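K.L.:
What would the 3D arrangement of this be:
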Amino acid sequence: MAADNSFPYTPTPGKLEEFLEKLQGMSVPPRIDQQYLSSVGFASSNSRPFIPLMKKIGLLDRSGKPTELYTKGLRGGTSGRALLAAGIRDGYDNVFQTYSDAYNRSDTELATFFRSHSDLDDKKVGLAVKTFKAVCKFGDFNSVAGAVDKEDEGDEGDADEQDELTKGRRQRQQGSNGASSVVINVNIALSVDATSDAAVYDAFFAAMAKHLKGLTDGGA
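P.N.:
So this is what the prediction gives:
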């Protein structure tokens, strides 16, 4: 999901947390819209920003339909918290590019960033910060960082294993004295005119043996 630079906010961040917690224990609806909010007890106009916020972090698609992140992240228990953290990172990409640990940053630091990247006034910036921190409570950002570290370690392990294989091949190519050995195969084709005289063949093979012995002795 491509990140945007908007900062959805609600005047009631506590209600946002209550709403998300309620969704975790309910069946997945076909769509979340204003009518759905009203049907589950969030009819106040202060709850309307819940929808654009959920779209921003990938819980809903553009039409309001719950996504895979909704089913496996928001409602995925402990393992889902890491997925949800990844969605929050993606939705607030510009914030996390500046502060990799944005979920741990102070209200003042976040307010400064939100103010410089939006047209929100001070009151709305404060609400945007509280809204951001409210949704961050549902993500496990430490697990996300750990998964990245393990992936990097896995890449390094693969590289080390490849180096060992290459080293082993080189060792197998070395002679017993540590020097590189070269094996040369020579194919020799000779022909003899047909004859019934056995002495001719005896002389032929004797000459071959003599010369081949000279080659092997010279290479020793």
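
K.L.:
For stretch 107-127, list every residue counted as buried.
P.N.:
By neighbour count with 16 or more other CB atoms under 10 Å, stretch 107-127 contains the buried residues L110, A111, F113, F114, R115, L120, K124, V125, G126, L127. Every C-beta, even on glycine, is put in place using the N, C-alpha and C of the backbone.

K.L.:
Let me have these in TSV, extended by secondary structure and distance to S39.
P.N.:
Shown next, in TSV, are these (DSSP: H, G, I helix; E, B strand; the rest coil; distance: CB to CB, whole Å):
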residue	secondary structure	distance to S39
L110	helix	33
A111	helix	35
F113	helix	36
F114	helix	32
R115	helix	36
L120	coil	30
K124	helix	28
V125	helix	32
G126	helix	30
L127	helix	25
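
K.L.:
Export these to CSV and append columns for pLDDT and distance to S45.
P.N.:
As requested, these are exported to CSV (pLDDT from 0 to 100; distance: CB to CB, whole Å):
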residue, pLDDT, distance to S45
L110, 97, 25
A111, 97, 24
F113, 97, 27
F114, 96, 22
R115, 95, 25
L120, 94, 18
K124, 95, 15
V125, 96, 20
G126, 97, 19
L127, 97, 14
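
K.L.:
Tabulate those in CSV, adding columns for distance to S47.
P.N.:
Below are these laid out as CSV (distance: CB to CB, whole Å):
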residue, distance to S47
L110, 23
A111, 23
F113, 26
F114, 21
R115, 25
L120, 19
K124, 17
V125, 20
G126, 19
L127, 14
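
K.L.:
Determine the number of other residues adjacent to the closest residue to F42 other than its chain neighbours.
P.N.:
In space, and not counting its chain neighbours, F42 is closest to F19: 5.6 Å by CB to CB, 6 or more residues apart in numbering. Each residue near F19 was counted by other CB atoms under 10 Å, and the total is 20.

K.L.:
Just say helix, strand or coil for F19.
P.N.:
What DSSP: H, G, I helix; E, B strand; the rest coil gives for F19 is helix.

K.L.:
Is it in contact with P49, as I believe?
P.N.:
No - with contact defined as CB atoms under 8 Å, F19 and P49 do not form a contacting pair (10.8 Å).

K.L.:
for the chain, which spans come out with low pLDDT?
P.N.:
1-5, 144-220 (pLDDT under 70).

K.L.:
ok, the residue nearest to M54 when sequence neighbours are not counted - contacts?
P.N.:
Of all residues not flanking M54 in the chain, L60 sits nearest, at 4.5 Å (CB to CB, 6+ apart). Applying CB atoms under 8 Å, 6 or more residues apart in numbering to L60 gives the contacts I32, I51, M54, P66, T67, Y70.

K.L.:
What strand or helix carries V95?
P.N.:
Element membership for V95, per DSSP states H and E: helix 93-98.

K.L.:
Show the contacting residues for D33.
P.N.:
I51, G64.

K.L.:
Now it. Its backbone dihedrals?
P.N.:
Dihedral pair for D33: phi -140, psi -170, per degrees, to the nearest 10.
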